[in-house]
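Trainee: Take a look and give me a structure for this.
(2 chains)
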Amino acid sequence: MLDPDELYWQFKERLNAVAGECYRIRTAQEAERFLAGLLQEKEVKDLVLVESPLTKAGNMIAEFESVGIRVYSESLREKAPVVGAGVTELNWAIAELGTMVQIGTDVNQRLASSLPPIHVALIQTSRLLPTLTETLKTLHSLPQIPGFVGLITGPSRTADIERVLTIGVHGPEQFVAIFVDEEAGEED
Amino acid sequence: MANSEFKDKIGQALGNSTLRGALGRFGEFYLTARAKVYEGYDFEILRDKVAETKAYAASHLDEMLDQFEQAATARGAKVFRANTGEDAKRYIAELALQNGVKGIVKSKSMASEEIHLNEDLIAQGINVQETDLGEWILQLCGQTPSHMVMPALHMTKEQVADVFTDHLGRLNDPDIAQLVKTARNELRAKFLEADMGISGANAAVAETGTLMLITNEGNARLTSTLPRIHVFLVGIEKLVPRFEDLEYILQTLPRSATAQAITSYVTMVTGPTPVYLPDGTIQDKEMHIVLMDNGRRAMYADEKFKKTFQCIRCASCLNVCPAYQLVGGHVYGHIYTGGIGTILTAFLNAEKFAENPQNLCLQCGKCAEVCPGKLDIPDMLLELRTRFATRKGLPMVQKFALDIVSNRSVFHALLRVAAKAQKPLTKGAPVIRHLPLFLSGLTEKRSLPAIAEVAFRETFKKLPQELPQGLEKPQGTIALYAGCLLDFVYPKIGEGVVKALNDKGYRVVFPEGQSCCGAPATYMGDVKNAKKSAMLNIEALSAETVDYVVSACPTCTHALKDSYKAMLSGDADWEVRAEVLSSKVIDFSKLLQELGGFELGGDGQGLNVTYHDSCHLKRKMGVYKEPRAHLNAIKGLNLIEMKESDRCCGFAGSYSIKFPEISAPILERKLQHIEDSQADVVAVDCPGCLLQIAGGLDQKGSKVKVMHTAEILLNYHSSK
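Mentor: Next comes the predicted model:
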């Protein structure tokens, strides 16, 4: 196995190069606090969140609500199009490309990550994979290929008008990756 | 030959400065960005994998389709096989009708454009929205894509703002960020309302029934998340055998298409996933996969066009095409644009639509060099050209010219007459600056060289052929194949070749029976005359036993070495003779390198030289290091690399006669790079490039000289 620090730095460099934000934090609780601050800075008033081991490790919803951010974790079809951000935990990160891998069979996972203007992607640092080759192998080794797999590399972009790169078309305008070192247990 | 309506379209495109600007800027950005994004990856290995994977799937098509259908069905998708575009449209329209579909959102799909799917659905009263920004802009103003990956590449922000203003009934400023925001808001509503999503797929995995979509905007994610029905319209060439094969597509498609390591989003869908229904409940969506043939099998069945199944639709062939960069996509007249587009149009729409645009190919081969699927697009276009010419015959004038060129005694006699008759036009100078009336297009942007008073075949007889001191008998014998330009226009090149080879201890012979190599006929699609030339030359060049057959014209070398073999294959006797000749044929620069390289030091006088790579030499023979090595061996010579040294000069044989209006701006760009290099001399290895570049520089009044490498070497030899 490659050095996680090295993989992380490689990942961060690639993601930053395509206008994605990337942070690495030691524990789940520190991550919550950091994220609450970051979202306040971004003037997020409300968000949708899909519960997962990392959001439950501390109490992310309570943390956000304590700083005045309204959190919805249900009825996402109505809320996801109107809130300021979406928070979801993703499954792997590919160091080679600065790409995050999402198993999005759950419709809420997809809605929360594709409709709001900001997508915060949580992930365990241990989920870093070195290459795309490794990633495809990993996906194929699952009992079956998940119904929906999304590879996400930074925010939504277009260059369809005059070849000028413009961030944020149909998907999020901002993409924030948060790596958490502390193990928060497996997804059920 | 291109008809006048087609010529008008070219004229309009060339006159559109917006289009020219956008295409030119992108073309320049693309090459460097592409090179950078492939750093650390072996493109040759990757494209071998792409080609291998897709070729395997194509050659096992039925097995792949069955396997895909089984896997996708097992996961809950419905698979429909459409033989024609009509079948596909009927299926989708009925599906929409049965399910009471009112709104459809579409993620980019060239296959749906190919069959004009939108029209049918709209006629049924359904609101169909393209959601890819470029496609949406085009939908609003009723245009077709001008590029496969960047459909609205030809439009300015001002034009887009006007389109939005008209559509939305409120003023839109030409501010790109604002326009994008407007599109987001407008289309977001459509996504949320739509009952059905339609998308294409960039790959379909037979093993797992997985469909992969590659996008940047995020519209494919929304299309596969929000509507309760999702239809994938997939061409049968999209299959790959195994899930892991997706890697090869993923590592090449974004890099080659837009110079990105990976796009913002890659979406892999395997079977239906849950969706919110309008009543708020969650349920698995309906997923339909339409596997469409629509002419693809016929394309595969045609031996010459099999490899089209290896195309991954990255459009890198457009991005590097000198002709496409000038005229843009709409001149090609159909949905698929550029060289590959012309081929696809011929099979997927109708052959007749390819007749005009196939002429646009310069045969420079740059697209084949960058193609991730290893398609030889120029070769396929030439095959189309040949088929059209064989079926319909060439226009009188062309036919007459080629008949003459392929008849050695008549052609050579004519050239002798012309050498005398041209005097009033040359006014004693080595070039012709103006031609009368109908031929004036030929001398508009470049002068033409005068025909040499004494042809090389005459000069040759008097050449001393001195071997190096101390060598008693020659190392061997080399036959020199001159080719028309060297023989009748630039005999000095021939002298340089003979001298350089004598220095290596070889005796050079000039087989008298040699004639035009046949390339002019080949590139106009005239197989009959091309074959005639091939046989004449095979006969002439095998009259004497030699160690090598050398040529200083890469187009001739390519004809002698590769084309003869291909065009005579199947003819038992001639096939073998062509093979024997091929094994001996070698380009001058390469031969000189094999024999030890140029060794004469030079005089140490400073001379700035830049090198222009000939298309045929670099891309057909892989020779580009050798001539540079010869030049670098000259003391005092300073070799400066010009920008885009391997970009076509626009001569391309008869192309500069067929399309002087396209050839001229291509030449202009080359001349600019030459002048920017601040060299005193441009070295070339092709007499055709020499003719084109020298003519352009003369017309511009430039002081820069153009010389064949063999001529430069001769100069240093003489000054020794």
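
Trainee: Flag the shaky bits of chain A, pLDDT-wise.
Mentor: Applying pLDDT under 70 to chain A flags residues A:1-2, A:185-188.

Trainee: Report the central residue of it.
Mentor: To find the centre residue of chain A, average its C-alpha atoms and take the closest one (Cα atoms, centre = their mean): that gives A:Ala121, at 1.2 Å.

Trainee: repeat for chain B
Mentor: For chain B, the residue lying nearest the average C-alpha position, counting by Cα atoms, centre = their mean, turns out to be B:Cys367 (3.9 Å).

Trainee: correct me, but that residue touches B:Gly341?
Mentor: No. Counting by Cβ atoms under 8 Å, no contact exists between B:Cys367 and B:Gly341, whose distance comes to 11.4 Å. Every residue, glycine included, has its C-beta placed from N, CA and C.

Trainee: does B:Arg457 really touch B:Cys484, like I thought?
Mentor: No. Under the criterion of Cβ under 8 Å, B:Arg457 makes no contact with B:Cys484, lying 11.1 Å away.

Trainee: the more surrounded of those two?
Mentor: Set side by side, B:Arg457 and B:Cys484 show more neighbours around B:Cys484, with 21 against 18, by other Cβ atoms under 10 Å in any protein chain shown.

Trainee: Just give the closest residue to the residue nearest to the centre of chain B, not the sequence neighbours.
Mentor: Take B:Cys367 and drop its neighbours on the chain: the residue closest to it by Cβ to Cβ, 6 or more residues apart in numbering or on different chains is B:Cys317, 3.6 Å away.

Trainee: List the residues that contact the one you found.
Mentor: Contacts for B:Cys317 (Cβ atoms under 8 Å, 6 or more residues apart in numbering or on different chains) come out as B:Gly338, B:Gly339, B:Ile340, B:Cys367, B:Val370, B:Cys371, B:Leu375, B:Ile377.

Trainee: which of these are buried?
Mentor: Listed as buried from the contacts of B:Cys317 are B:Gly338, B:Gly339, B:Ile340, B:Cys367, B:Val370, B:Cys371, B:Leu375, B:Ile377; burial here means 16 or more other Cβ atoms under 10 Å in any protein chain shown.

Trainee: For chain A, see how far away the third one is.
Mentor: Think B:Ile340. As judged by Cβ to the nearest Cβ, to the nearest Å, B:Ile340 and chain A stand 21 Å apart.

Trainee: now the first one
Mentor: Counting by Cβ to the nearest Cβ, the gap between B:Gly338 and chain A amounts to 17 Å.

Trainee: Assess the claim that that residue and B:Ala315 are in contact.
Mentor: Yes. If you go by Cβ under 8 Å, B:Gly338 and B:Ala315 touch, sitting 6.8 Å apart.

Trainee: So for these two, which residues contact both of them?
Mentor: Taking Cβ under 8 Å, 6+ apart as the contact rule, B:Gly338 and B:Ala315 both touch B:His147, B:Met148.

Trainee: who touches the residue in the stretch 151-300 of chain B positioned nearest to chain A in this structure?
Mentor: Chain A sits closest to B:Gly218 of the stretch 151-300 of chain B, with a gap of 2.6 Å, by Cβ to the nearest Cβ. The contact partners of B:Gly218, taken as Cβ under 8 Å, 6+ apart, are A:Ser114, A:Ser156, A:Val169, A:His170, A:Gly171, A:Pro172, B:Ser264, B:Tyr265.

Trainee: Which of those sits closest to B:Leu592?
Mentor: B:Leu592 lies nearest to B:Ser264 out of the contacts of B:Gly218, by Cβ to Cβ, at 50.9 Å.

Trainee: Give the full set of residues in contact with the closest residue to the closest one other than its chain neighbours.
Mentor: Leaving aside its chain neighbours, B:Ser264 sits nearest to B:Asn216 (4.7 Å; criterion: Cβ to Cβ, 6+ apart). Contacts of B:Asn216 were listed using Cβ under 8 Å, 6+ apart, and they are A:Ser156, A:Arg157, A:Thr158, A:Ala159, A:Val169, B:Thr258, B:Gln260, B:Thr263, B:Ser264, B:Tyr265.

Trainee: I'd like those residues as a markdown table, with distance to B:Cys615 and secondary structure appended.
Mentor: Supplementary listing: these in a markdown table, determined by distance: Cβ to Cβ, whole Å; DSSP: H, G, I helix; E, B strand; the rest coil:
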| residue | distance to B:Cys615 | secondary structure |
| --- | --- | --- |
| A:Ser156 | 40 | coil |
| A:Arg157 | 35 | strand |
| A:Thr158 | 35 | strand |
| A:Ala159 | 30 | coil |
| A:Val169 | 39 | coil |
| B:Thr258 | 25 | helix |
| B:Gln260 | 28 | coil |
| B:Thr263 | 32 | coil |
| B:Ser264 | 36 | coil |
| B:Tyr265 | 38 | strand |
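
Trainee: So which of the residues you listed is the closest to B:Phe411?
Mentor: Using Cβ to Cβ, B:Thr258 comes nearest to B:Phe411 of the contacts of B:Asn216, at 48.7 Å.

Trainee: Can you tell me the element the closest residue to the closest one other than its chain neighbours falls in?
Mentor: Leaving out its chain neighbours, the residue that sits closest to B:Thr258 by Cβ to Cβ, 6+ apart is B:Val149, at 6.4 Å. For B:Val149, there is no enclosing helix or strand under DSSP states H and E.

Trainee: dump the residue contacts of B:Gly338.
Mentor: Listed by Cβ under 8 Å, 6+ apart, the contact partners of B:Gly338 are B:His147, B:Met148, B:Ala315, B:Cys317, B:Leu318, B:Cys321, B:Tyr324, B:Gly329, B:Tyr332.

Trainee: which of those residues has the weakest pLDDT?
Mentor: The lowest pLDDT within the contacts of B:Gly338 belongs to B:Met148, with 79.

Trainee: Look through chain A and state the residue closest to chain B.
Mentor: Checked against chain B (Cβ to the nearest Cβ), the nearest residue in chain A is A:Gly171, 2.6 Å away.

Trainee: Remind me which helix or strand that residue belongs to.
Mentor: Secondary structure here is read from DSSP H and E; on that basis A:Gly171 sits in neither a helix nor a strand.

Trainee: what do you get for the one 5 residues further on?
Mentor: A:Val176 belongs to strand A:174-180 when elements are defined using DSSP H and E.

Trainee: Quick check: residues of the stretch 251-400 of chain B near chain A?
Mentor: B:251, B:258, B:261-276, B:280, B:282 (Cβ under 8 Å from any Cβ of the partner chain).

Trainee: and the residue of chain A positioned farthest from its centre, what are its phi and psi?
Mentor: In terms of distance from the mean C-alpha position of chain A, A:Glu162 ranks first, at 30.3 Å (Cα atoms, centre = their mean). The phi and psi values for A:Glu162, taken as degrees, to the nearest 10, are phi 50, psi 30.

Trainee: How about the contacts made by it?
Mentor: The neighbours of A:Glu162, taking Cβ under 8 Å, 6+ apart as the test, are B:Ala22, B:Met155, B:Thr156, B:Lys157, B:Ile176.

Trainee: Any figure for the gap between it and B:Leu14?
Mentor: Applying Cβ to Cβ, to the nearest Å, one obtains 20 Å for the distance of A:Glu162 from B:Leu14.

Trainee: I'd like to check which residues are in contact with residue 114.
Mentor: Here I'm looking at chain A. Counting by Cβ under 8 Å, 6+ apart, A:Ser114 makes contact with A:Gly86, A:His170, A:Gly171, A:Pro172, B:Gly218, B:Arg221, B:Leu222, B:Thr225.

Trainee: was after chain B, sorry
Mentor: B:Gly85, B:Asn294, B:Ile335, B:Tyr336, B:Leu348, B:Asn349.

Trainee: which among those residues end up buried?
Mentor: So, by 16+ other Cβ under 10 Å, the buried ones in these are B:Gly85, B:Asn294, B:Ile335, B:Tyr336, B:Leu348, B:Asn349.

Trainee: Of those residues, which belong to strands?
Mentor: With strands identified by DSSP state E, none of the entries of those belong to them.

Trainee: Tell me the one of these nearest chain A?
Mentor: B:Ile335 (17.3 Å).

Trainee: Secondary structure element for the residue nearest to the closest one when sequence neighbours are not counted, which one?
Mentor: Among residues not flanking B:Ile335 along the chain, B:Glu113 sits closest, at 4.6 Å (Cβ to Cβ, 6+ apart). Here B:Glu113 is covered by helix B:110-114, with elements defined by DSSP H and E.
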